[in-house]
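**Student:** No sequence on hand, only this structure:
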Ligand SMILES: *Cc1c(COP(=O)(O)O)cnc(C)c1O
């Protein structure tokens, strides 16, 4: 018989009752170290006092009014994002997929409004992940997410990662935009090199294409800058964000330069819940902490410590771990054994990680993670690796 909760997830047996910083606690009192952050969401960990206060204070006053009225905290959050980024204007929504839908619609509308409605095609990259709506599974182009859901939404052309000839060949008179994650998250923590991002920016300028960056996973401080593209010294025309911006509250946004944002005139695009007072209170509170002096520098410092320790770990366990992947605190390891087995072994040791494509495990702790907690996580990785190695030896002997 089917479960009341639909069976579209293979869940672990763990159920948590509360959390505190980088730790989650089950009803039975078992504490586990959370290096998954609810898939790169809880940037300030669990039950961060500043977020708890912002949400509860707002909850006593006003939850939702719709976008038919002024939302002063939304104006404030938009202004702060505009000040901190390339963007001239911001629209809020509820999730990463919805932010990407908005970004894709904006790129299409931009060209249509300039008399070129034929330019609706978006070039994306193999291994991409942009969400689970009909358009974003077409953008991601992954067979496993497309199969069985009818014809793929028209207008997406996918090219191999880093293949400039294929990329140039894919650009045609109907191309509207390039869309890419600066660091592929679900795809296995593949980092787009800075020079490659600069090349894509140049190519877009040459062909009059818009550059859409999907920073749903790589943004909100995860790489030690507010957004990952800042490392390359380029700016996109449109950027989607979500995950970290709400610190656990469902929140996403589309950020854009003026010429793009201006096509979203009243009635062209919308959302009922997006940008509601609860979400805006939390989004502002997340920014208070992430933009505070020294916060991002600390993420950079801790990431380097983590990376060095991971390099040492991998050298010692070549039968389990293959290589370090990713950048900043969007990091992980390509495994030599099935990543699901490694994930389970780590969970037994009290460390939560998130599997990704290309046989990678993601180690994506809250950005408030301490050096001590990094050390603890590496100890747990070490112990799990030794147990796996012992079972390999035993398996070979039998
Ligand atoms: C998670 C993710 C999405 C989808 O976000 P949802 O909130 O699950 O819709 C899109 N793009 C990237 C890069 C992501 O990591």
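**Tutor:** Perfect, I can see it now. Remember, predicted model here, so these are calculated numbers, not experimental data.

**Student:** From now on I want contacts and neighbour counts done on CA atoms only, so please keep to that.
**Tutor:** Noted.

**Student:** Following element in sequence after whichever strand or helix holds residue 122, please.
**Tutor:** Counting by DSSP states H and E, the element that carries residue 122 is strand 121-125. Sequence order places helix 134-140 as the next helix or strand after strand 121-125, per DSSP H and E.

**Student:** longest single helix anywhere in this structure?
**Tutor:** Taking DSSP state H as the criterion, the chain has its longest helix at helix 371-397.

**Student:** which other helices and strands contact that one?
**Tutor:** Here helix 371-397 touches helix 295-316, helix 339-348, going by 3 or more CA pairs under 8 Å, 6 or more residues apart in numbering; DSSP states H and E.

**Student:** Residue 331 contacts residue 362, correct?
**Tutor:** Yes - counting by CA atoms under 8 Å, residue 362 is a contact partner of residue 331 at 5.9 Å.

**Student:** who has more neighbours, these two?
**Tutor:** Higher neighbour count among residue 331 and residue 362: residue 362, with 31 against 27, using other CA atoms under 10 Å.

**Student:** Spatially nearest residue to the residue in the stretch 251-398 of the chain that the ligand sits nearest to, not counting backbone neighbours?
**Tutor:** Closest approach between the stretch 251-398 of the chain and the ligand, counting by CA to the nearest ligand atom: residue 252, at 7.4 Å. Closest residue to residue 252 apart from its sequence neighbours, by CA to CA, 6 or more residues apart in numbering: residue 242 at 3.8 Å.

**Student:** which residues sit in contact with the one you found?
**Tutor:** Taking CA atoms under 8 Å, 6 or more residues apart in numbering as the contact definition, residue 242 lies against 94, 95, 96, 99, 215, 216, 217, 250, 251, 252, 253.

**Student:** Which phi and psi values does it adopt?
**Tutor:** Residue 242 has phi and psi values of phi -170, psi -130 when expressed as degrees, to the nearest 10.

**Student:** Would you mind measuring from it to residue 251?
**Tutor:** 6 Å (CA to CA, to the nearest Å).

**Student:** joint contacts of these two?
**Tutor:** Common neighbours of residue 242 and residue 251 (CA under 8 Å, 6+ apart) are 94, 95.

**Student:** Tell me who's in contact with the closest residue to the ligand within the stretch 151-300 of the chain.
**Tutor:** Going by CA to the nearest ligand atom, the ligand is nearest to residue 217 of the stretch 151-300 of the chain, at 4.2 Å. Shown in contact with residue 217 (CA under 8 Å, 6+ apart): 40, 185, 241, 242, 243, 244.

**Student:** Which phi and psi values does it adopt?
**Tutor:** According to degrees, to the nearest 10, residue 217 has phi -100, psi -30.

**Student:** Quick check, pLDDT for it.
**Tutor:** Residue 217 is assigned a predicted lDDT (pLDDT) of 98.

**Student:** ok, now residue 393?
**Tutor:** 88.

**Student:** who touches residue 63 in this structure?
**Tutor:** 276, 277, 278.

**Student:** Including secondary structure, distance to residue 45 and pLDDT, could those go into a markdown table?
**Tutor:** Listed next are the contacts of residue 63 as a markdown table, based on DSSP: H, G, I helix; E, B strand; the rest coil; distance: CA to CA, whole Å; pLDDT from 0 to 100:
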| residue | secondary structure | distance to residue 45 | pLDDT |
| --- | --- | --- | --- |
| 276 | coil | 22 | 98 |
| 277 | helix | 22 | 98 |
| 278 | helix | 19 | 98 |
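
**Student:** So in terms of bridging, what pairs with residue 211?
**Tutor:** residue 178 (DSSP bridges).

**Student:** Could I get the pLDDT score of residue 35?
**Tutor:** Residue 35 is given a pLDDT of 98.

**Student:** what about it, how many neighbours?
**Tutor:** With other CA under 10 Å as criterion, residue 35 counts 25.

**Student:** OK, contacts around it?
**Tutor:** 22, 351, 352, 353, 354, 362, 363, 364, 365, 366, 377.

**Student:** Also residue 229?
**Tutor:** Going by CA under 8 Å, 6+ apart, the list of residues near residue 229 reads 182, 194, 197, 235.
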